[in-house]
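Here is a sequence together with a model predicted from it:
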Amino acid sequence: MEMRLLDTMSRETRALSPRDGETYRFYCCGPTVYGPAHIGNFRTFVLQDVFRRSLELSGVATHHVRNLTDVDDKTIRGAQAAGESLNDFTAQWTDKFHADCTALNLLPPHDEPSAVAHVPQQVALIETLMERGHAYASDDGSVYFKVSSFEEYGRLSHLDTRELRLGTSVAVADDEYDKDSVADFALWKGRKEEDGDNFWESPWGQGRPGWHLECSAMCREYLGDTVDLHSGGVDLVFPHHENEIAQSECATGERFADHWFHITHLLVDGGKMSKSVGNLYTLEQLAEKGHTAMQVRYVLIAGLYRQPLNFTLQSLGDAKKALDKIAKAEAALRERAGIDQPDYASLISGDAGSDHFAPAFEALLNDLNTPDALGKIFTAMKAVNAAELSAEQATAELRGMHRVLAALGLELPATDADAGEASDVPDTVRALAEKRVQAKADKDWAAADSLRDEIAAAGWAIKDTADSYELTPKA
């Protein structure tokens with residue numbers, strides 16, 4: 001079964017197939033590495049990961065490129081405020097991003113180019129645009145793309161000329177450079193005193209590349225003139241992706257991307273994420289509240305990618321219960337199959353396994369319907385009674401289950417049977433520990449301390465971990 005996905009530009013759900021007939025090549029706009037990525041950022045990256053996993057498990061090879069934006073206004077200002085070089089400043093946030101990606105079980109991209117490392121390619125792209133009459137230099141050494149030279153500008157965002165004009169005027173309000181039209185955008189920004197030592201040489205003088213140009217140059221360098229798919233958050237449709245299309249197609253004369261895949265915003269408690277409101281969560285902050293990265297991943301895939309998803313701390317608790325339930329069903333199948341610690345790669349290779357879990361995987365191939373896939377996992381679990389299966393049948397069910405779990409990128413928590421001594425923890429003590437997790441999430445530290453004392457009085461010690469907690473008998 002082939003994968004189908006909604007295309008932002010055509011607004012049609014279309015089948016995906018590689019241009020070259022072999023490898024599906026796609027580009028994802030990556031993070032700007034000036035601080036920790038928050039869960040809103042990771043909703044996009046996690047769903048892109050599920051997309052890639054599903055495509056690969058359907059039998060299609062991929063070439064995944066995700067860039068790092070390590071030079072722009074935010075990174076330069078951040079480095080200067082920290083008293084560090086741009087490279088040192090962005091390197092630490094790149095490491096943090098990679099650590100979070102690992103915690104969330106994201107497959108690493110096949111290529112992860114940085115903007116700083118590809119300035120020559122960006123300069124060459126500007127030169128081509130100037131030669132073809134699509135760009136011009138200003139007196140201060142900046143270079144701008146002439147939007148009026150590209151008649152198809154706006155076809156991705158489906159905005160009329162007036163809306164584009166107004167939207168661009170707002171989007172580039174922070175570009176204090178001379179240009180012919182408010183709609184034109186910077187390809188190269190002439191050096192300013194506040195940029196410090198963060199500049200490069202170019203035919204137009206010292207300066208640095210514009211953000212939109214960076215992605216076009218890196219995408220072309222690693223995937224060629226036309227890519228099979230381009231992806232990012234819905235907030236990038238305009239102006240970023242619209243500008244990428246314009247500069248890329250004017251430079252190459254070729255279609256930039258065959259398919260556009262955008263992920264919609266994440267809401268928190270029904271509202272927009274904001275530092276001032278205090279609802280802009282990072283993985284580290286949620287871990288401090290006792291929630292695991294896998295619970296976060298579960299929540300982020302629980303909503304359809306093209307619809308807003310409302311994140312709440314309660315949803316993390318629900319995710320824990322769901323993962324525990326799946327883990328228990330999986331453990332029962334393993335026990336029946338006589339498999340202790342399976343080789344998961346071998347389980348998902350070969351045939352697709354049981355028909356019970358097949359609809360869950362098919363839901364992912366049908367416009368990446370992750371909530372439907374999760375629902376069908378539980379439907380399959382209800383239909384399968386491990387105690388009634390032969391070892392061969394249980395193994396087949398495991399194949400089907402792990403195929404869809406692998407596509408979703410979900411790693412299951414240990415069950416009581418897997419945890420050894422943990423299975424001896426009394427239910428009353430475990431309930432106290434769970435109440436303490438909620439107390440910490442509510443920042444009710446007095447209640448958390450009181451619950452710790454109750455656990456100790458029952459003869460158990462509790463130790464907080466990065467993802468959860470550990471209970472051990474007191475000596």
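Cool, got the structure.

and stretch 306-318, average pLDDT?
Per-region confidence: stretch 306-318 scores 95 on mean pLDDT.

What are the contacting residues of it?
Stretch 306-318 is contacted by residues 6, 39, 43, 262-270, 281, 286, 289, 291, 295-296, 299-300, 302-303, 438, 441 when judged by C-beta atoms under 8 Å, 6 or more residues apart in numbering. Quick note: C-beta positions are derived from backbone N, CA and C, even for glycine.

From those, keep the buried residues only.
6, 39, 43, 262-264, 266-268, 281, 286, 291, 295-296, 299-300, 302-303, 438, 441 (16 or more other C-beta atoms under 10 Å).

which SSE is L159 in?
Assigned by DSSP states H and E, L159 falls within no helix or strand.

from memory it sits against P239, does it?
No - counting by C-beta atoms under 8 Å, L159 does not reach P239; the two are 9.9 Å apart.

And these two? Which one has more around it.
Each of L159 and P239 has its neighbours counted (other C-beta atoms under 10 Å); P239 has more, 24 against 19.

wait, the more buried one sits on F185?
Yes - with contact defined as C-beta under 8 Å, P239 reaches F185; the gap is 6.8 Å.

so what's the backbone phi/psi at A302?
Torsion angles at A302 (phi, psi; degrees, to the nearest 10) stand at phi -80, psi -10.

Kindly report the same for the one 3 residues further on.
Phi and psi for Y305, reported as degrees, to the nearest 10, are phi -60, psi -30.

pretty sure it is touching L368, no?
Yes - in terms of C-beta under 8 Å, Y305 counts as a neighbour of L368; the distance is 5.7 Å.

which neighbours do those two share?
By C-beta under 8 Å, 6+ apart, the residues touching both Y305 and L368 are L47.

which regions of the protein sit below the pLDDT cut-off?
160-180, 342-354, 416-424, 465-467, 475 (pLDDT under 70).

Can you check which helix is longest in it?
When the chain is parsed with DSSP state H, its longest helix is helix 313-337.

where does that helix sit relative to the chain's centre, distance-wise?
In terms of C-alpha atoms, centre = their mean, to the nearest Å, the gap separating the centre of helix 313-337 from the centre of its chain is 23 Å.

Repeat that for stretch 258-272.
11 Å.

Return that stretch as CSV; C-alpha atoms alone will do.
Provided in CSV are the C-alpha atoms of stretch 258-272 (Å, rounded to 0.1, in the frame of the first residue of the first chain):
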residue,chain,number,x,y,z
ASP,A,258,6.8,18.3,-5.8
HIS,A,259,5.0,18.1,-2.4
TRP,A,260,4.6,20.4,0.6
PHE,A,261,3.9,18.9,4.1
HIS,A,262,3.1,21.4,6.9
ILE,A,263,2.3,20.7,10.6
THR,A,264,-0.2,22.9,12.5
HIS,A,265,0.4,24.7,15.7
LEU,A,266,0.5,23.3,19.2
LEU,A,267,-1.7,25.0,21.8
VAL,A,268,-1.2,24.7,25.5
ASP,A,269,-4.2,24.7,27.8
GLY,A,270,-6.2,26.0,24.9
GLY,A,271,-4.0,29.1,24.3
LYS,A,272,-0.9,30.1,22.4
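
Now that E2 has come up, it's in contact with T13, right?
No - assessed by C-beta under 8 Å, E2 is found out of contact with T13, at 11.8 Å.

A391: neighbour count?
Counted with other C-beta under 10 Å, residues neighbouring A391 total 11.

cool, and S181?
S181 is flanked by 13 other residues according to other C-beta under 10 Å.

Run through the residues that contact it.
Applying C-beta under 8 Å, 6+ apart, we find S181 in contact with K146, V147, S148.

since we're on D324, how many residues are nearby?
Using other C-beta under 10 Å, the number of residues around D324 comes to 15.

Which residue comes closest to it once chain neighbours are left out?
P413 (6.2 Å; C-beta to C-beta, 6 or more residues apart in numbering).

May I have the secondary structure class of the one you found?
Recorded secondary structure, P413: coil (DSSP: H, G, I helix; E, B strand; the rest coil).

That one is in contact with I326, isn't it?
No - between P413 and I326 there is no contact under C-beta under 8 Å: 9.1 Å.

where's A363, which helix or strand?
For A363, the host element (DSSP H and E) is helix 358-365.

Also T472?
Element membership for T472 (DSSP H and E) is strand 469-473.

in that strand, what counts as buried?
For strand 469-473, by 16+ other C-beta under 10 Å, it's Y469, L471.

From the contacts of S181, which land in strands?
Of the contacts of S181, none are assigned to strands by DSSP state E.

Can you check those residues and name whichever has the most neighbours?
When neighbours are counted by other C-beta under 10 Å, V147 leads the contacts of S181 with 23 neighbours.
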